[in-house]
Each structure stands twice: as C-alpha cells, then as structure tokens.
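Trainee: Starting from these lines, generate the structure:
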Amino acid sequence: PKLGDESFEVREKATQEIRAIGPDAIPALRKAVESENAEIRNRASALIRELSGGSRAREIRRLMAIRTLGELKARDAETALQPLLKSTEPFVASYARDALAAIRGETAATAAPAGPDRDLALLPPGCGVVGRMTWPSGKPLDYDRLLKSISAVPLPGNQKPEQMVEAAAHQAVALVERIGNVRIDTVTVGVSEEIGDRTGFVVVVARGRYDLKAIRDLMVQGTRLEPRKVGGTEFLPIDRDFLLTLPSDDLMILAGGPKAEDLPLEALAAALQAGEPGKVPPKVAALAKAVDTTLPFWISMRMAEAYRSEPIAAPFDTLTFSMKPEGELQALTLKATGKDPEAVKASVGIFEKGLEEARAEIGQAVEQVKIPQMQSFVDLLKSLAVKTEGATVTVTGTMKTEGAAVGAMLPWMVLSNSRSEAAPMP
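Mentor: Have a look, this model is predicted:
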C-alpha cells in the first residue's frame, strides 16, 4: 500500500525499501501490478523491470537503495534491512550495517584492515621506497561540497559545475554497470631503490573487494593485448609497460616501469605462489621498521642516488613520512637522517629558505586567484616547524583532513626542491 501513499516521500521510501530487498521482492510485486491503484501498478511494474534487469546494474541500484535508506534515517526500514546483515552477496551486508547504524544514530562498526605484513611480503626484494595508505570507510558523496569546490575553478568552454558533475556521474555509472561495485581498503606501494627514465619499477598491492571476472573481461577486451603467464601467475597488460594481476576477489597487484622486461614479475609470482602469510624481504622489513606502520598513511625510503642528486636531499640516508588523524586535522611528520650534522644543517637552511619563499608566493597567489580550496595548503605551509638534532631533522605540521591528499605530497615537494635555488653542498 505504501507504493500508493498520498505522500511522495513515503512512496519513494517504500520504493527504496523494495530495491534493497532485491529480486526476492518480485513475487509480491507481481501481485501489486494487479492493484486498482494506478500509482501502485506503475511503480510495481517499473520495479519488476528494474529488478529483472542486468545483474550488475541491479546490484548497484540495490546498494544505492540500501545506502539511501540510511541517509534518509528511515526508521521503519529497519525490518527490511535487518535480514541483509546475513547476506553473502558482495557488499550487501556491509551496506546494510552502515545504513542501520545511520538510522540509529550510531557509528558503524568496521573491521580494521589486516596489518601490512601480508602485503609487504608481496613486494619485491629490491624496493627502496615502501608506503601504505588505509582508506577510511566509505561515505556518501557530498554533492553540495563538490559543486562548491568545482565552482571555484574556471571550467573550459563556460561549462557549468552541475554539467561537469553530471557527466562524470554518467561515466562512473556506465563503468560500474560493466564491472560492478569496487571497494579499496588499503594500498601498499613499493618502488625500486634505483629508479630513472630507463630503469626501476613500481608495484602497487591493493586490497578490497571487486568482481574479478568483470575486471578481467574489461581488461582483455579493452587492451586486446595477450595476457602473460609467469610462474603460473597471469599478468594482464594495461599497456607495454604496466601489467595487472588479479589473484582473488579481494587482491589486485599492478607492476610497471620504463621497461616491461625489467619488471619483477618472477618475484611477484613466487610471492603469490608461496601463499599467505609470506615472508617480508629483509630490506622491505627494515624500511617498515623505521616508521609506525599502524598509521593510516606512511612512507619509508632509503635515499638512493636518484634522490640524493638534489642538494637538499644529499646529506640524508633515510626518510620517513606519516600522517596521523587528530580530530578534524591530520598531523604530518617527516623525519630524515644522515651522518654529517654540518651537511644536514646546510640542507635545513635550504629548506627553510624555500619554505619562506613558498609561504609568501603561494599565499599571494591564492589571494589573487581566490581558490578557497588552496587555503588548506597555505595553512599547512604556515604550520610547518623544523627541528634539528645532530644529523636528524624532523618537520611537523597539520592540515585539514579534506586537504590531506596535498599533505601527502610533502616528501616529494622536499625532494624536488630546485637545484638552481640552492647553494652547493660542501
């Protein structure tokens, strides 16, 4: 009867509840099609077509309906959502759990991702840079905030922000209807110790949930490149220099570099064949030991010659960087250690001079262009503090969580300091 309620809001909520139930609701909907109420007949017919459609499109609409019930805080939807907590279908139970928590005004209980060791064990032995990012549990897209953010930036062809967001949404929906839902929980990265235009590699280990067959089919059909078999493991070429392997529905690994023949595919295949938990390569373990790996974002690196070529980085042997949530802020810590205190002192001088110039120039540019979103970067620069103890320097700062992606670039900003602005190191 709610499908024919006088209130539009009630009719819409009832429609979302039925979407959340999924194909199991079709028998009842067939009876509703015979109703004397035209609204009930029309909505029931539309829902039958929708719930009988393509499996991936139906799955996505169902998940969207579950999430919407949570956003609406639809208290009377708890009865429909409760049985979904036991669902074995991908994502359904977690979406139902989050929706019920939102309705009840509670914080959804989420399982903490496993520690990094099982993914560090998949990295090749030759890594000189290791890092990891743990994604926060998914939240609905804040449409108003997104529009406000885009409206502050000039768009090509006098395009309106609403048009840009709508076009992106259509593209995203089209992709999702081909591959199903995708969730990324953690990303662990390893970069070779020596890297340049013609040498080195990067390996990305991603954990989450996805439809293995759908992703594989899309890759094979899209690239039309033959998969490669190495050590019993299939690698799907993205292009000539990047390959992807899909060991399971919750793990994918990307490997890439300037030369495909130099990629550590044999090492990756051997690590996968060894099973979990594997053994972390000694050099990778040493890098991880230097930083707090329980934090949601961290990087640890040995300063190879490619990085030490910059005067600001020349005196250092190791560098770590981490971000720690503190309320609405992220606390950033960069720590670099060398052997020569005098050389480190000179490097700090270069950094502090560049920092002062950046504070002035970027602050002035933001004032002129009037891009509010860049203010978080200006605030980060203002918050940075430098402390030197012998041959070790520590840089700390804070920034708003919504701008944390910019803060994560701090190590690379330091390493890419212009050589032309620095005096030669002694």
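
Trainee: residues touching L244, list them.
Mentor: Applying CB atoms under 8 Å, 6 or more residues apart in numbering to L244 gives the contacts M219, F235, L236, I238, M252, I253, L254, A255. In short, each C-beta sits where N, CA and C put it, glycine included.

Trainee: how about a cut-off of 6 Å?
Mentor: Going by CB atoms under 6 Å, 6 or more residues apart in numbering, L244 touches L236, I238, L254.

Trainee: what's the closest non-adjacent residue to the second one?
Mentor: Excluding the flanking residues, the one nearest I238 by CB to CB, 6 or more residues apart in numbering is L244, at 5.9 Å.

Trainee: beta partners for the one you found?
Mentor: Beta-bridge partners for L244, by DSSP bridges, are L236, L254.

Trainee: Equivalent analysis for V191, please.
Mentor: Applying DSSP bridges to V191 gives these bridge partners: V129, V202.

Trainee: returning to that earlier point: how confident was the prediction at the residue nearest to I238?
Mentor: Confidence at L244, expressed as pLDDT, is 94.

Trainee: What separation do you get for it and R19?
Mentor: Distance from L244 to R19, counting by CB to CB, to the nearest Å: 33 Å.

Trainee: Check G190 too.
Mentor: Using CB to CB, G190 is found at 42 Å from R19.

Trainee: With neighbour numbers in mind, choose between those two.
Mentor: Taking neighbours as other CB atoms under 10 Å, G190 and R19 compare with G190 leading, 27 against 22.

Trainee: quick one: contacts for the more buried one?
Mentor: L123, C127, V130, V203.

Trainee: again, but for M323
Mentor: Applying CB under 6 Å, 6+ apart, the residues near M323 are F297, Q330, L332.

Trainee: got these as TSV, with secondary structure, neighbour count and pLDDT columns?
Mentor: Below are the contacts of M323 laid out as TSV (DSSP: H, G, I helix; E, B strand; the rest coil; neighbours: other CB atoms under 10 Å; pLDDT from 0 to 100):
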residue	secondary structure	neighbour count	pLDDT
F297	strand	20	93
Q330	strand	23	90
L332	strand	23	93
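
Trainee: Pull the most distant pair out of the contacts of G190.
Mentor: Farthest pair in the contacts of G190 (CB to CB) is V130 and V203. Separation: 9.8 Å.

Trainee: more neighbours, those two?
Mentor: V130 (30 against 25).

Trainee: For the more buried one, give its distance to S309.
Mentor: Here the distance between V130 and S309 works out to 21 Å (CB to CB).

Trainee: do the same with A14
Mentor: 65 Å.

Trainee: Mind checking which of these two has more residues around it?
Mentor: A14 (23 against 11).

Trainee: the longest helix in this protein is where?
Mentor: Determined from DSSP state H, the single longest helix within the chain is helix 341-369.

Trainee: and M323, what are its bridge partners?
Mentor: F297, L332.

Trainee: Just the pLDDT at it, thanks.
Mentor: At M323, the model reports a pLDDT of 92.

Trainee: what do you get for the one 4 residues further on?
Mentor: Note on G327: pLDDT of 85.

Trainee: Next: D340.
Mentor: pLDDT at D340 comes out at 95.

Trainee: do the same with E17
Mentor: E17 is assigned a pLDDT of 86 by the prediction.

Trainee: Quickly find the element holding the residue lying closest to it once chain neighbours are set aside.
Mentor: Excluding the flanking residues, the one nearest E17 by CB to CB, 6+ apart is A80, at 4.7 Å. Assigned by DSSP states H and E, A80 belongs to helix 78-81.
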